[in-house]
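*Asks:* Give me a model of this one.
(2 chains)
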Amino acid sequence: MSAPETPQKSHYLFPGELFAQREPHLVSTVLGSCISVCLWDPVAAVGGINHFLLPLWNGEGLPTPKYGNVAIPRLWEKMLSLGCAPARIQAKVFGGSAMWNATEGLLAVGVRNIELADNMLREMGIPVVSKDVGGTQSRKIIFHSADGTVMLRRHNALASQRPAEND
Amino acid sequence: MSRLTDQELIEELKSRFEMNRQALHDLQALTGQLEKMNRRLQESEAMKSHFLSNIRNEINNPLTAIMGLSRHLKGGGCDPGKVAAVGGMIFSEAFDLDFQLRNIFIAAELEAGEHSPDFSRVDIVSLMASAAEMLAHQLEIKNIRLTQRIGDGSPLLFTTDAQMLQVVLVNLLVNAIEYSAEGGEVTITADAAGGGLKIVVSDSGVGIDPADHEVIFDRFKQKESGATKSHRGHGLGLSIIKAVVDLLSGEVSLRSALGQGASFTLFIPEPVLSSPVAVTAQDGNFFLFKDEGGADEVF
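*Replies:* Numbering: from 1, shown residues only, chains lettered A, B, ... in the order given. This is a model prediction of the structure:
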């Protein structure tokens, strides 16, 4: 991977945030049990990314993109509003690791996040062209919004560095 | 295939029973969550329709008052004392309308995920002072005393999003004033504690039943609803506070009982290193990524 030829804007994506702009950006974020869905339209060369913490909004507080069932459709709408064509949009999915111990069973938030992302993207008919989910390591990703490339690095010790609810 | 001893068989059965038991337990927990969620969504839907009917009153009433009062002034011939009084009423109505509309817009932005924290060193003392100044008129009308206390009294600088913290503070204070009786007291204290900022807003008002603590942060939720409600607003304030505090990776908690006032505690941690403050240079970011060595992958 070579460095981009022209200087580019960068953006750090906070948990619960959503990012999609027409202008090319390098968007970085750090994921534990959270999921980032990257959507990209190769023809329009426009990409967007979210970072959700929990699968479903349960009526608590505001329905923000902190929740997967809000973050995915909202990113999709945002992409369409930027002129992307539904049929061209591809997805990449990252995150959803088991940050604590494996005794959480069915209730492990990482696993539920992965399932929600898989199901929603399938229902919405968005092809997932690549993904790196699950496991026990956290991930740092950098999403190149213009060409859809994602660089990924795995970390071991991250869970101790960030508050758990942020991952 | 080797034969199992009786003991091994028993162990295996035990472990399978245990797995089943665990699965059943998980399933019950999930079903419980689903039922709760269903209830909340139904309530949320009902609240939303209330909101739509309320919004007419909430926007029309202040506007009608502002127009009526200003028409009165336009006629001229009022003595200066009356002009000041009417001016105060117009300001109060306009402030209220402005506050409600701002909250609606902020809620819409938060729901769209368009609020990205913008960190800088913030002087908490002056932030609190400007929030208090904004609400001076409201405090005066209800004759409420606002006391501000800052840690050990030394200047308090904290890295956070000034605008977001302001929204949270003003909403907490507006609530405290709204639910306080005339002549009441509101206290706000700020402290740097445990690697973060702790702010407590307490009032001497009507208090909140512990049974309602769980739902009080839901949107459109107010102590009373429908035509008989005695407090203005849409019940957006606390849900905005919760969403903003979430974005800042903080926590907000409530201590209150009926008739004993309410005390909201806000804790916001210092932003983590990987925040924009540390990665402003995208080139640095890029090379940092490559230079660490190890399992980099490109997707």
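*Asks:* Not counting its neighbours along the chain, what's nearest residue A:146?
*Replies:* For residue A:146, ignoring the flanking residues on the chain, the nearest one in space by C-beta to C-beta, 6 or more residues apart in numbering or on different chains is residue A:24 at 3.6 Å. (C-beta placed from N, C-alpha, C; glycine too.)
*Asks:* how much space between the one you found and chain B?
*Replies:* Here residue A:24 is placed at a distance of 11 Å from chain B (C-beta to the nearest C-beta, to the nearest Å).
*Asks:* Residue A:121 and residue A:128 touch, don't they?
*Replies:* Yes. In this structure, residue A:121 is within contact of residue A:128 by C-beta atoms under 8 Å, at 5.7 Å.
*Asks:* what do these two both touch?
*Replies:* Residues touching both residue A:121 and residue A:128 comprise A:91, A:93, with contact defined as C-beta atoms under 8 Å, 6 or more residues apart in numbering or on different chains.
*Asks:* unless I'm mixing things up, residue A:64 is touching residue A:70, no?
*Replies:* Yes. Applying C-beta under 8 Å as the test, residue A:64 and residue A:70 come out as touching, 6.4 Å apart.
*Asks:* out of those two, which sits in the busier spot?
*Replies:* Taking neighbours as other C-beta atoms under 10 Å in any protein chain shown, residue A:64 and residue A:70 compare with residue A:64 leading, 28 against 23.
*Asks:* Now do the contacts for the more buried one.
*Replies:* Neighbour list for residue A:64: A:16, A:57, A:70, B:110, B:111, B:113, B:243, B:246 [criterion: C-beta under 8 Å, 6+ apart].
*Asks:* Can the helix or strand hosting residue B:54 be said to contact chain A?
*Replies:* Residue B:54 belongs to helix B:6-74 when elements are defined using DSSP states H and E. Yes. Figure legend: helix B:6-74 in contact with chain A (C-beta under 8 Å from any C-beta of the partner chain); contacting residues B:22-23, B:26-27, B:29-30, B:33, B:36-37, B:39-41, B:43-44.
*Asks:* For residue A:52, state which of those is nearest.
*Replies:* Set against residue A:52, the nearest of these by C-beta to C-beta is residue B:37 (16.4 Å).
*Asks:* Count the residues that sit near that closest one.
*Replies:* 15.
*Asks:* ditto for residue B:13
*Replies:* The number of residues packed around residue B:13, counting by other C-beta under 10 Å, is 10.
*Asks:* quick one: residue B:80 from chain A, how far?
*Replies:* Using C-beta to the nearest C-beta, one gets 46 Å for the distance from residue B:80 to chain A.
*Asks:* So which residues on the stretch 51-200 of chain B come close to chain A?
*Replies:* Proximity of the stretch 51-200 of chain B to chain A is confined to B:107, B:110, B:111, B:112, B:113, B:114, B:115, B:116, B:117 under the rule C-beta under 8 Å from any C-beta.
*Asks:* Among those residues, the buried ones, what's the PyMOL command?
*Replies:* Typed into PyMOL, the line below selects the buried ones among those, using 16 or more other C-beta atoms under 10 Å in any protein chain shown:
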select buried, chain B and resi 107+110+111+113+115+117
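*Asks:* Please tabulate the residues of the stretch 51-200 of chain B next to chain A in TSV, including the columns secondary structure, distance to residue B:51 and pLDDT.
*Replies:* Conversion of those to TSV gives the following (DSSP: H, G, I helix; E, B strand; the rest coil; distance: C-beta to C-beta, whole Å; pLDDT from 0 to 100):
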residue	secondary structure	distance to residue B:51	pLDDT
B:107	helix	11	87
B:110	helix	16	88
B:111	helix	13	87
B:112	coil	18	87
B:113	coil	21	85
B:114	coil	21	80
B:115	coil	21	79
B:116	coil	27	82
B:117	coil	27	85
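*Asks:* quick one: which of the residues of the stretch 51-200 of chain B next to chain A is nearest chain A?
*Replies:* Sorting these by how near they are to chain A, with C-beta to the nearest C-beta, puts residue B:113 at the top with 3.2 Å.
*Asks:* Could you tell me which residues make contact with that closest one?
*Replies:* Applying C-beta under 8 Å, 6+ apart as the definition, the contact partners of residue B:113 turn out to be A:16, A:17, A:18, A:50, A:64, A:65, A:71, A:74.
*Asks:* so what's the residue nearest the centre of chain B scoring on pLDDT?
*Replies:* Central residue check for chain B by C-alpha atoms, centre = their mean: the C-alpha nearest the mean position is that of residue B:241, 1.0 Å away. Here, the pLDDT recorded for residue B:241 equals 91.
*Asks:* host element of it?
*Replies:* Using DSSP H and E, residue B:241 falls in helix B:237-247.
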